[in-house]
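Participant: need coordinates for the following:
(one chain, ligands or ions: 1)
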Amino acid sequence: MDRLRIHGQQPLRGDVRASGAKNAALPEMAASLLSAQPLELDNVPQLMDVRTLGALLGGMGVSVARDGARVRLQADAVHDCVAPYERVKTMRASILVLGPLLARFGHARVSLPGGCAIGARPVDQHVKGLQLLGARVDIEHGDIVASVPDGRLRGARITTDMITVTGTENLMMAAALAYGETVLENAAQEPEVADLAALLNKMGARIDGAGSSRIRIEGVAELGGAAHRVVPDRIEAGTFLCAALATRGDVVVRDCVPRHLDALLDKLRDAGAEVDCGDDWVRVRADALPGGRPRAVSVRTGEYPGFATDMQAQFMAVDCVAQGAATLTETIFENRFMHVQELVRLGANITIEGNTCVVQGVERLSGATVMATDLRASAGLVIAGLAAEGTTVIERIYHLDRGYEAIEHKLGALGARIERLRA
Ligand code: EPU
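Facilitator: Okay, here's the model as predicted:
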């Protein structure tokens, strides 16, 4: 298994480009199942999760061709509406094929995702919504087996019990081909949901309100092809900005959407960074912090536009080297503090009380061997390693490869001393 070796305490400086968002590219690839016409996606990041979904779709008969950042998908010869356990267990986002398969083909068999490192993560709201749209859903031998007794899904009013990102996406895709109007209440407002809706509308769907908590979908009989550029990855961008602050550097992230980063940028300012934004770039300067260290800043994760749970570990790494104490409260997932014990190995002072971590900043972290446990936890460890004195080795970085494109090259270009040790 590959590892990353980081020699820390190099301030990051320079420009880096954000890639396309993994969490938009995945539902958008799944949307190819809604039409027999080709879908051309651009700005698709080169990531393990994208390859995994490509293989899953390929196994169903979708043709998937990649050329750099472009991916062309065409679902004109689907022969198998099945997402097997072997795929779903490696990537929960596989559940995103359920809505499209059911809407277009009237049946689907998708393995039920189990729990994962960050929490139980049930999909009951996806199922509840599809049932309200007229699907019959059973669990058989660990699979969700769904069909449409009336031949076509019917529009419905759906209020999910909690806000769910992929749940909103699955239901929006299913409702796009349903008969009549669907209203999704309590919808996720994440930019990736809005980006998916923009793509679906280019395919001929009639969706209003995506990006707000109420989405209205007027179902159509058929969808066509489309070309679409995947929205920039706000989590990758935010990761570089946190790394700039933790290393007291000066970094410009280009090709991003600054307003998607608002909650994080406020916290970076509170921590003492100078933050400037243009139309598609953000600069974080932290090379002249008073006292030479960031100020500790507390955060509470929340659904968009709140502070993203996907940025919690990276921001914790900043707080680890800050002046003062801060709390980080996780409200989305029940077990998303797996990075804490690893940060402690680097010398951080953190205690966990329920869903809150209390971080007392230390003057310096000291490099050690640590283990990545999930994607964003790994990103937090990379930032801590970049800030730490000496050498940090991060094991099990396959988690990182699921969601960060060429991370060692991008950080290396900013002056980090980072290398991949191949297994
Ligand atoms: N939930 C349920 N039932 C459901 C659906 C969700 O109880 O049917 C709960 C979850 O267990 C969780 C909360 O609702 O406690 C929110 O989960 P959500 O469904 O919004 O998460 P998700 O759609 O599975 C997406 C991202 C995650 C990101 C979360 C929260 C994708 C492919 N994944 O997951 O991204 O953390 O939203 O913003 O979009 C990552 O990229 O590292 C990642 C984990």
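
Participant: now do the spatially most distant residue from the centre of the chain, the pLDDT please.
Facilitator: Computed with C-alpha atoms, centre = their mean, the maximum C-alpha offset from the centroid of the chain is found at residue 150, amounting to 34.9 Å. Note on residue 150: pLDDT of 89.

Participant: ditto for residue 81
Facilitator: pLDDT, residue 81: 97.

Participant: got the phi/psi numbers for residue 326?
Facilitator: Per-residue torsions, residue 326: phi -140, psi 160 (degrees, to the nearest 10).

Participant: distance of the residue lying closest to it once chain neighbours are set aside relative to the ligand?
Facilitator: Once flanking residues are discounted, residue 326 sits nearest to residue 296: 3.8 Å by C-beta to C-beta, 6 or more residues apart in numbering. Where C-beta positions appear, they are placed from N, C-alpha and C, glycine not excepted. Applying C-beta to the nearest ligand atom, to the nearest Å, the value for residue 296 to the ligand is 24 Å.

Participant: pLDDT below threshold where in the stretch 51-200 of the chain?
Facilitator: Applying pLDDT under 70 to the stretch 51-200 of the chain flags no residue at all.

Participant: can you give me the strands for it?
Facilitator: Taking DSSP state E, counting those that start in this stretch as the test, the strands found in the stretch 51-200 of the chain are 63-67, 70-74, 82-83, 107-111, 136-140, 143-147, 157-159, 181-185.

Participant: same check, this time on the stretch 201-350 of the chain
Facilitator: 206-208, 214-218, 226-229, 250-254, 274-277, 281-285, 299-300, 325-329, 349-353.

Participant: what about residue 138, neighbour count?
Facilitator: Residues contacting residue 138 under the criterion other C-beta atoms under 10 Å number 10.

Participant: check contacts around it.
Facilitator: Contact analysis of residue 138 by C-beta atoms under 8 Å, 6 or more residues apart in numbering lists 144, 145, 146.

Participant: need the contact list for the closest residue to the first one other than its chain neighbours.
Facilitator: Ranked by C-beta to C-beta, 6+ apart and with sequence neighbours excluded, the top spatial neighbour of residue 144 is residue 110, at 4.9 Å. Residue 110 makes contacts with 82, 83, 88, 94, 95, 97, 98, 101, 143, 144, 146, as judged by C-beta under 8 Å, 6+ apart.

Participant: export those to a markdown table and tack on neighbour count?
Facilitator: Formatted as a markdown table, the contacts of residue 110 follow (neighbours: other C-beta atoms under 10 Å):
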| residue | neighbour count |
| --- | --- |
| 82 | 18 |
| 83 | 27 |
| 88 | 23 |
| 94 | 25 |
| 95 | 24 |
| 97 | 29 |
| 98 | 29 |
| 101 | 27 |
| 143 | 18 |
| 144 | 24 |
| 146 | 24 |
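
Participant: and which of those is nearest to residue 172?
Facilitator: For the contacts of residue 110, the minimum distance to residue 172 (C-beta to C-beta) is 12.5 Å, reached by residue 98.

Participant: now that closest one: closest residue in space that isn't a chain neighbour?
Facilitator: Leaving out its chain neighbours, the residue that sits closest to residue 98 by C-beta to C-beta, 6+ apart is residue 110, at 4.7 Å.

Participant: quick check: the one you found vs residue 173, distance?
Facilitator: 13 Å (C-beta to C-beta, to the nearest Å).

Participant: buried deepest among the strands of the stretch 51-200 of the chain, which one?
Facilitator: Highest mean neighbour count of the strands of the stretch 51-200 of the chain: strand 82-83, a mean of 22 (counted as mean count of other C-beta atoms under 10 Å).

Participant: contacts for that strand?
Facilitator: So strand 82-83 is in contact with 56, 60, 94, 95, 97, 98, 108, 109, 110, 111, going by C-beta under 8 Å, 6+ apart.

Participant: direction included, what does that strand pair against?
Facilitator: In the sheet, strand 82-83 lines up against strand 107-111 (parallel) (DSSP bridges).

Participant: tell me the gap between the partner strand and the middle of its chain.
Facilitator: Relative to the chain's own centre, strand 107-111 is displaced by 23 Å; criterion: C-alpha atoms, centre = their mean, to the nearest Å.

Participant: now the helix or strand encompassing residue 400: buried residues?
Facilitator: The secondary structure element spanning residue 400 is helix 398-403 (assigned by DSSP states H and E). Within helix 398-403, the residues scored as buried using 16 or more other C-beta atoms under 10 Å are 399, 400, 401, 402, 403.

Participant: nearest to residue 237, of these?
Facilitator: residue 403 (12.8 Å).

Participant: contacts only, for that closest one.
Facilitator: Residue 403 neighbours (C-beta under 8 Å, 6+ apart): 22, 47, 49, 235, 236, 375, 376, 379.

Participant: check the gap between it and residue 275 for me.
Facilitator: Applying C-beta to C-beta to residue 403 and residue 275 gives a distance of 24 Å.

Participant: likewise for residue 117?
Facilitator: 32 Å.

Participant: likewise residue 265?
Facilitator: 5 Å.

Participant: common neighbours of these two, please.
Facilitator: Shared contacts of residue 265 and residue 275 (C-beta under 8 Å, 6+ apart): residue 282.

Participant: alongside the ligand, which residues does this protein contribute?
Facilitator: Contact residues (C-beta under 6 Å from any ligand atom) of the chain with the ligand: 23, 26, 93, 119-126, 162, 164-167, 309-310, 332-333, 375-376, 403.

Participant: need the helices for the protein, in chain order.
Facilitator: 22-30, 48-60, 85-88, 98-105, 124-132, 165-176, 191-202, 234-246, 262-270, 312-320, 339-345, 375-387, 398-403, 407-413 (DSSP state H).
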